[in-house]
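K.L.:
Structure for the following, please:
(chains A, B, C and D)
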Protein chains: 2
Amino acid sequence: MISAKTIERLFLYRRLMTDLIKRDTRFVFSHELANMSQSSPAQVRRDLMTAGITGSSSRGYDVVNLKSRFDEILHSSVQKAALVGIGNLGRAILSYFPHRSPAVEIVAAFDSDSSKTDRIIHGIRTYAVDNLDQVVHQTDVSLGIITTPKDAAQTTADSMIVAGIRGILNFAPVPVRVPAGIFIESLDLTTSLEKLAYFSRRPH
Amino acid sequence: MISAKTIERLFLYRRLMTDLIKRDTRFVFSHELANMSQSSPAQVRRDLMTAGITGSSSRGYDVVNLKSRFDEILHSSVQKAALVGIGNLGRAILSYFPHRSPAVEIVAAFDSDSSKTDRIIHGIRTYAVDNLDQVVHQTDVSLGIITTPKDAAQTTADSMIVAGIRGILNFAPVPVRVPAGIFIESLDLTTSLEKLAYFSRRPH
DNA sequence: AACTGTGAATGCCTTCACAGCT
DNA sequence: AGCTGTGAAGGCATTCACAGTT
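P.N.:
Numbers count the residues shown, from 1 in each chain, chains lettered A, B, ... in the order given. Model prediction:
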């Protein structure tokens, strides 16, 4: 079992490999990869070891080999996602994501405000939240993205879980409770900004 | 010195306190706070201990006292931020942030595309990137937000640093190199989605 | 009885450091 | 000479577990 932190870096390495392949680079040393990923050579070697990849001391690691091994480990058939909360942030995500990640496809968006539903936004059909369960079942959606205001986040998550969703990406600035077996990742812009301000202060 | 992880939780606790105060709750136990923050009672007690807060075994912690101690630790005068990259994501952030965090105020946005500059978007004036240095100096901006495409991320960061910015929030899906003393936080939506897909897979 | 405060234990992640290879 | 592969050490963060308090 590979740890979450390592998996995250493997995703990054994979993206870097894509770039290297485009530039016809054949081999990389751990220190080069470390440099590209803002990591350390030891960390890179440890990660590649964990991934079961082996290199050569004279030439480093074979880029194509790395890439295909990463694909093997990270591979997952494309999963469908539903987004709930069609505000500014929700809309930005609808416009931002298509073709961004091969692993996820947003197929529907929901809102409680009827002025935003039954339309097509950035190519994605919008529905009333009441239809969540039905649409999720009909189109086999397995992922949920929450971009609602914070007060609606927990109930939205609950509905998603009832509908059978197995993983949630939560943008609302509140922790969301999910039962064991459901993956939850929170991405809180407010906290990020606050951290930025805090750690950028001039020492005083 | 309080660790970054703890600081992050203090920000969360502070927001929770605001809610509790609104609801006239006077005291909280560590297990209640743990429940609200999706943490453990031991973690909460450890954090509050680190923050120098002490409670009572019969009533728990005084909410108002907590809040003011958090403000004391986390306090930072409002800092000005500049955003570079007025795409969908950049625009969403411009519309999303105002009044969201008391610690940060976005005062200017930049883009290399002249059709997006010299306008007001969501109340924020936009400039050509060439003016970054000048505007940053004139208005005492100390924070940068990168929402450019990935190829422009590093050069944008470099310009920001030359202009005197001390902290950067990077939304581009590439690591950005900064010299020591500059705070960098990356918030990569692509990686988050990929992680979501990966960890939500049904075991197979 | 139920909670806080905290030293000690645990566990995870990263880094060191070096033998072995090319 | 310079790199990889990796056991061992080190460093953090979390959790345990219990003495002390109300």
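K.L.:
what about the one residue sitting closest to the centre of chain A, which SS state?
P.N.:
Note on chain A: the residue nearest the mean C-alpha position is A:L169, at 7.7 Å, using Cα atoms, centre = their mean. Here A:L169 is recorded as strand under DSSP: H, G, I helix; E, B strand; the rest coil.
K.L.:
A:Y198 - that's part of a strand, no?
P.N.:
No. Counting by three-state DSSP, A:Y198 is not part of a strand but helix.
K.L.:
hang on, it packs against B:S76?
P.N.:
Yes. Assessed by Cβ atoms under 8 Å, A:Y198 is found in contact with B:S76 at 5.8 Å. The way it works is simple: take the backbone N, C-alpha and C, and place the C-beta from them, glycine included.
K.L.:
Tell me which of those two has more neighbours.
P.N.:
Taking neighbours as other Cβ atoms under 10 Å in any protein chain shown, A:Y198 and B:S76 compare with A:Y198 leading, 21 against 17.
K.L.:
residues contacting that one?
P.N.:
Going by Cβ atoms under 8 Å, 6 or more residues apart in numbering or on different chains, A:Y198 touches B:7, B:11, B:74, B:76, B:103.
K.L.:
out of those, which one sits closest to DNA strand D?
P.N.:
Of all the contacts of A:Y198, DNA strand D sits closest to B:I7, with 9.7 Å by Cβ to the nearest atom of the strand.
K.L.:
got a list of what the closest one touches?
P.N.:
A:195, A:198-199, B:73-74.
K.L.:
So for A:E8, what's the pLDDT?
P.N.:
As predicted, A:E8 sits at a pLDDT of 96.
K.L.:
Counting residues, which strand of chain A comes out longest?
P.N.:
When chain A is parsed with DSSP state E, its longest strand is strand A:104-111.
K.L.:
What is that one packed up against?
P.N.:
Other elements packing on strand A:104-111 under the criterion 3 or more Cβ pairs under 8 Å, 6 or more residues apart in numbering or on different chains; DSSP states H and E are strand A:79-84, helix A:88-96, strand A:124-128, helix A:132-139, helix B:189-199.
K.L.:
Output those in CSV, with mean pLDDT and distance to A:K22 appended to each entry.
P.N.:
Shown next, in CSV, are these (pLDDT from 0 to 100; distance: least, Cβ to Cβ, whole Å):
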stretch, mean pLDDT, distance to A:K22
strand A:79-84, 97, 26
helix A:88-96, 90, 22
strand A:124-128, 97, 30
helix A:132-139, 97, 34
helix B:189-199, 92, 17
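K.L.:
what's the most buried one of those?
P.N.:
Most buried of the helices and strands packed on strand A:104-111, by mean neighbour count (mean count of other Cβ atoms under 10 Å in any protein chain shown): strand A:79-84, with a mean of 24.
K.L.:
how many neighbours does A:V104 have?
P.N.:
For A:V104, the count of nearby residues is 25 (other Cβ under 10 Å).
K.L.:
tell me the contacts of it?
P.N.:
A:V104 makes contact with A:78-81, A:97, A:143, B:193-194, B:196-197 under the criterion Cβ under 8 Å, 6+ apart.
K.L.:
What of A:D188?
P.N.:
Residues near A:D188 by Cβ under 8 Å, 6+ apart: A:170-173.
K.L.:
was I right about the residue nearest to the centre of chain A contacting A:T147?
P.N.:
No. Using Cβ under 8 Å, A:L169 makes no contact with A:T147, being 9.1 Å away.
K.L.:
which parts of chain A sit against DNA strand C?
P.N.:
A:3-6, A:39-40, A:42-43, A:45-46, A:56-58 (Cβ under 7 Å from any atom of the strand).
K.L.:
sorry, back to before: find residues that contact each of A:Y198 and B:S76.
P.N.:
Residues touching both A:Y198 and B:S76 by Cβ under 8 Å, 6+ apart: B:A103.
K.L.:
List the contacts of stretch A:55-64.
P.N.:
Contacts with stretch A:55-64, where a contact means Cβ under 8 Å, 6+ apart, come from A:17, A:20-21, A:25-30, A:32-33, A:48, A:53.
K.L.:
Tell me the one of those residues nearest A:S112?
P.N.:
Comparing those against A:S112 with Cβ to Cβ places A:M17 closest, at 42.6 Å.
K.L.:
What helix or strand is the closest one located in?
P.N.:
Per DSSP states H and E, A:M17 falls inside helix A:4-22.
K.L.:
now that helix: how far from the chain's centre is it?
P.N.:
Its chain's C-alpha centre and that of helix A:4-22 lie 13 Å apart, by Cα atoms, centre = their mean, to the nearest Å.
K.L.:
Give me the buried positions along it.
P.N.:
Buried residues in helix A:4-22, counted by 16 or more other Cβ atoms under 10 Å in any protein chain shown: A:6-17, A:20.
K.L.:
Only the C-alpha atoms, please, for it, written as PDB.
P.N.:
Provided in PDB are the C-alpha atoms of helix A:4-22 (Å, rounded to 0.1, in the frame of the first residue of the first chain):
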ATOM      1  CA  ALA A   4      -1.300   9.200   0.100                       C
ATOM      2  CA  LYS A   5       1.700  11.600   0.200                       C
ATOM      3  CA  THR A   6       3.700   9.400  -2.100                       C
ATOM      4  CA  ILE A   7       0.700   9.000  -4.500                       C
ATOM      5  CA  GLU A   8       0.400  12.700  -4.700                       C
ATOM      6  CA  ARG A   9       4.000  13.000  -5.700                       C
ATOM      7  CA  LEU A  10       3.600  10.300  -8.300                       C
ATOM      8  CA  PHE A  11       0.900  12.300  -9.900                       C
ATOM      9  CA  LEU A  12       3.300  15.200 -10.100                       C
ATOM     10  CA  TYR A  13       6.100  13.100 -11.500                       C
ATOM     11  CA  ARG A  14       3.800  11.700 -14.100                       C
ATOM     12  CA  ARG A  15       2.900  15.200 -15.300                       C
ATOM     13  CA  LEU A  16       6.600  16.000 -15.400                       C
ATOM     14  CA  MET A  17       7.300  12.900 -17.400                       C
ATOM     15  CA  THR A  18       4.800  14.000 -20.000                       C
ATOM     16  CA  ASP A  19       6.700  17.300 -20.400                       C
ATOM     17  CA  LEU A  20      10.100  15.500 -20.600                       C
ATOM     18  CA  ILE A  21       8.800  13.100 -23.300                       C
ATOM     19  CA  LYS A  22       7.600  16.000 -25.300                       C
END
